[in-house]
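Undergrad: make a model of this:
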Amino acid sequence: MAQQWAAIDIGTNSVRLLIYKRENGQVKGEKKVCITRLGEGLSKEKHLTQEAMQRTEQAVLQFAKEAIGAGAEAPVWCYATSAARQADNGLAFLQRLTDSGLVRAELLSGEEEAQAAYLGSQAKGRPVLDVGGGSTELTMQQGACLNGQSIPLGCVTLKEQYMKTDRMEAEQKQALQAFCKSKSLALTKKVLCGQRAEMLIAVGGTATQLAMLTLGLPAYDANRVHGFQLTKEQVETWYDTLTTLSGAERRALPGMEAKRADVIVCGTAIIAAVMDNCGAVMIQVSDKDGLDGYLQRKMEMALDK
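TA: Now for the predicted structure:
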């Protein structure tokens, strides 16, 4: 009989479900995503709005029901990241979800989120960059330890601060570039300890979206996205291109997910800035990320009992 495990990731921009199915010694994963923008307005007010919580709660509970219906144990493992960490009502929101009986929601620290991304991506010693809606994590293995750090720099919160017009003005573009490079400099120094990292493993929606754009994919294809490489020049070219387009023009690009078109500019600025600070010449995109790492850890703990 097949075994099923599931976990739900509540991010600043999206809610994601991962179901692992083990059958005949093989483990296969299936992911689903729903963009709910939990962190909407968080850059101005330090609390989650009722509308954002309602959208997110609906997605989380729907995913939980789907996972339980597929054979996963209830309550479903569930975690939240940056938006819930930064909001003064973040913990109360997670308790509300747990009270449903369908999920067991917990809050990950920035370091835990970074380590989960490293574990899930199977980086094999290479530094892992995770750009999310409300935070950015960088992780590197140092001996037997993982040095994972997080900063509150994300594509949703930056979009609210810097995307003041439909088409970015030159001053906005330059200000965003400068801010991302300055804000991420301490992160790269703390994690890399002055070393240069020529290649980064990149996880998260911005990295996978850039791969889709470069490939011109009409729909997400994990097999083609996973392992895809982009040079620093390609990332910078995408930033230059995306900043010259209107929202409608970005949405019309082959491979663009419509609900990411408004935040992709800021996410790309973060990746370019971190690459610059690391001395990286290339990123390798990973479809496997923190959600995979989180579920793998939970499965190991459950099986050890």
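Undergrad: pull the CA atoms of the helix ranked longest in the chain into CSV?
TA: Ranked by residue count and defined by DSSP state H, the top helix of the chain is helix 170-192. Coordinates of each C-alpha in helix 170-192 appear next as CSV, following Å, rounded to 0.1, in the frame of the first residue of the first chain:
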residue,chain,number,x,y,z
ALA,A,170,15.2,55.2,-14.2
GLU,A,171,15.5,56.6,-10.7
GLN,A,172,13.4,53.8,-9.3
LYS,A,173,15.4,51.2,-11.1
GLN,A,174,18.7,52.6,-9.8
ALA,A,175,17.4,53.1,-6.3
LEU,A,176,16.2,49.5,-6.2
GLN,A,177,19.5,48.1,-7.4
ALA,A,178,21.5,50.2,-4.9
PHE,A,179,19.2,49.2,-2.0
CYS,A,180,19.3,45.4,-2.8
LYS,A,181,23.1,45.5,-3.1
SER,A,182,23.6,47.4,0.1
LYS,A,183,21.0,45.4,2.1
SER,A,184,22.4,42.0,1.0
LEU,A,185,26.1,42.8,1.4
ALA,A,186,26.2,41.9,5.1
LEU,A,187,24.3,38.7,4.4
THR,A,188,26.9,37.5,1.9
LYS,A,189,29.8,38.5,4.1
LYS,A,190,28.3,36.7,7.1
VAL,A,191,27.6,33.5,5.2
LEU,A,192,30.5,33.3,2.9
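Undergrad: give me the contact list for that helix.
TA: Residues outside helix 170-192 that contact it (Cβ atoms under 8 Å, 6 or more residues apart in numbering) are 127, 136, 138-140, 147-149, 151, 153, 158, 162-165, 168, 239, 243, 265-266, 269-270, 272-274, 276-278. (Each C-beta comes from the backbone N, C-alpha and C, glycine too.)
Undergrad: cool, stretch 246-255 as well?
TA: Applying Cβ under 8 Å, 6+ apart, the contact partners of stretch 246-255 are 166-167, 209, 212-218, 242, 245, 256, 258, 261-262, 264-265.
Undergrad: buried sites along it?
TA: For stretch 246-255, burial by neighbour count (16 or more other Cβ atoms under 10 Å) applies to 250, 253, 255.
Undergrad: with stretch 296-305 instead?
TA: Of all the residues in stretch 296-305, those buried under the rule 16+ other Cβ under 10 Å are 296-299.
Undergrad: with stretch 97-107 instead?
TA: 97, 102-105, 107.
Undergrad: now, those residues that are in helices?
TA: In helices, judged by DSSP H, the following of these are found: L97.
Undergrad: could I get the buried residues of stretch 97-107 as JSON lines with distance to A70?
TA: Shown next, in JSON lines, are the buried residues of stretch 97-107 (distance: Cβ to Cβ, whole Å):
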{"residue": "L97", "distance to A70": "19"}
{"residue": "L102", "distance to A70": "13"}
{"residue": "V103", "distance to A70": "15"}
{"residue": "R104", "distance to A70": "17"}
{"residue": "A105", "distance to A70": "20"}
{"residue": "L107", "distance to A70": "26"}
